[in-house]
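1. Can you look at this prediction? I've put the sequence above it.
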Amino acid sequence: MRKYETVFISDPDLQDQARADLFDKVKNIIAQKNGVFLNFDEWGNKKLAYEINKKLRGHYTCVTYGGTGDLIKELERNFRLSDDVMKFMTLLLSDDVTAEQLEKEALEIENQSKQIEETEKKAVEEKVVEEETSKEVEEVEETEKKTE
Amino acid sequence: MYNNRRNQKGGGKNKFYQRRKICRFCVDNDLEINYKTPKALRQFITERGKIIPRRITGTCAKHQRQLTVAIKQSRQLALLPFVGRPMY
């Protein structure tokens, strides 16, 4: 098994649903060909350094996965046929990785992303609490001034 | 004495004694050469988009080769331009 990374540029004006369908298609192909899906890194809409298909912006996505050469052929065939994908580039990250190692990595990445989500939630909650306490403090000060 | 040696090597024409530059990637092992970071790579291309030779930037041969590969990969992905200034 080899570890690959594919960066593809999709249409920036795509609707959310259509984009989700595209991502599901990619995941399905990886699963079909017995590949190990690792990570989906969305860089979002970015300005392109030059025009592609007369467009100045593109939505970048980076998929990391493990698989064989057949998987790559199938993925690239689908990218070429699809109208939404403007450009794609596949890179080999490492050779000779076992499926177990990749599955461990996949779990680690999931855990990391969950942790990040939890910390973000906590940060949002803390901000809300801080705002409330600062408002209370202001109210207290105002009442004190009035009594004086 | 050291100065004389350098002048002799250049055949007597090397009037501009250039300070030997250090490869910044050899010094700092944390600096990653990656096609995904166009901001970092932009230091190594000219305004026109051409790759700067290593005798000017001072990088060593090994890292210059890695840089070239990374710059060409990011050009393919429209993160860096082939010609001209980047649009951003």
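-> That came through fine. Numbering: from 1, shown residues only, chains lettered A, B, ... in the order given.

2. From now on I want contacts and neighbour counts done on CA atoms only, so please keep to that.
-> Noted.

3. mean confidence for the longest helix seen in chain B?
-> For chain B, the longest helix by residue count, based on DSSP state H, is helix B:61-76. Averaging pLDDT along helix B:61-76 yields 93.

4. With stretch B:39-51 instead?
-> 90.

5. okay, now the domains of chain A?
-> Segmentation of chain A into domains, based on automatic domain parsing, reads A:2-97, A:98-148.

6. Just name the most buried of those.
-> Compared across the domains of chain A, domain A:2-97 shows the largest average neighbour count, a mean of 16 (mean count of other C-alpha atoms under 10 Å in any protein chain shown).

7. Is chain B within reach of it?
-> Yes. Shown here: domain A:2-97 in contact with chain B (C-alpha under 8 Å from any C-alpha of the partner chain) through A:47-50, A:87-89.

8. Do you have the strands of chain A handy? List them.
-> Taking DSSP state E as the criterion, chain A contains strands spanning A:2-10, A:36-52, A:55-67, A:85-94.

9. okay, the angle between the third one and strand A:2-10?
-> It refers to strand A:55-67. 160 degrees (axes from the mean of the first three to the mean of the last three C-alpha atoms, to 10 degrees).

10. Quick one: list the elements packing against strand A:55-67.
-> strand A:2-10, strand A:36-52 (3 or more C-alpha pairs under 8 Å, 6 or more residues apart in numbering or on different chains; DSSP states H and E).

11. centre of the chain versus the shortest one, how much separation?
-> What separates the centre of strand A:2-10 from the centre of its chain is 12 Å, taken as C-alpha atoms, centre = their mean, to the nearest Å.

12. and the angle for that strand with strand A:36-52?
-> Using the same axes, to 10 degrees: strand A:2-10 against strand A:36-52 is 40 degrees.

13. now the angle from strand A:2-10 to strand A:85-94?
-> Using the same axes, to 10 degrees: strand A:2-10 against strand A:85-94 is 160 degrees.

14. Check which helices and strands strand A:2-10 sits against.
-> Counting by 3+ C-alpha pairs under 8 Å, 6+ apart, strand A:2-10 packs on strand A:55-67, strand A:85-94.

15. Can you list the strands that the longest one pairs with?
-> Sheet partners assigned to strand A:55-67 using DSSP bridges are listed as strand A:2-10 (antiparallel), strand A:36-52 (antiparallel).

16. Identify all contacting residues around that strand.
-> A:1-12, A:30, A:33-50, A:99, A:102 (C-alpha atoms under 8 Å, 6 or more residues apart in numbering or on different chains).

17. Only C-alpha atoms, please: export it in CSV.
-> Provided in CSV are the C-alpha atoms of strand A:55-67 (Å, rounded to 0.1, in the frame of the first residue of the first chain):
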residue,chain,number,x,y,z
LYS,A,55,-12.1,31.5,-13.6
LEU,A,56,-10.0,33.5,-11.2
ARG,A,57,-10.9,31.7,-7.9
GLY,A,58,-11.0,28.1,-7.0
HIS,A,59,-11.9,25.8,-4.1
TYR,A,60,-8.9,23.8,-2.9
THR,A,61,-9.2,20.5,-1.2
CYS,A,62,-6.4,18.1,-0.2
VAL,A,63,-7.3,14.4,0.3
THR,A,64,-4.8,12.0,1.9
TYR,A,65,-5.4,8.3,1.5
GLY,A,66,-3.7,5.0,1.0
GLY,A,67,-4.1,2.7,-1.9
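
18. on that earlier part again, okay, the helices and strands packed on strand A:55-67 in JSON lines with mean pLDDT and distance to residue B:44 next?
-> Below are these laid out as JSON lines (pLDDT from 0 to 100; distance: least, C-alpha to C-alpha, whole Å):
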{"stretch": "strand A:2-10", "mean pLDDT": "92", "distance to residue B:44": "23"}
{"stretch": "strand A:36-52", "mean pLDDT": "89", "distance to residue B:44": "16"}
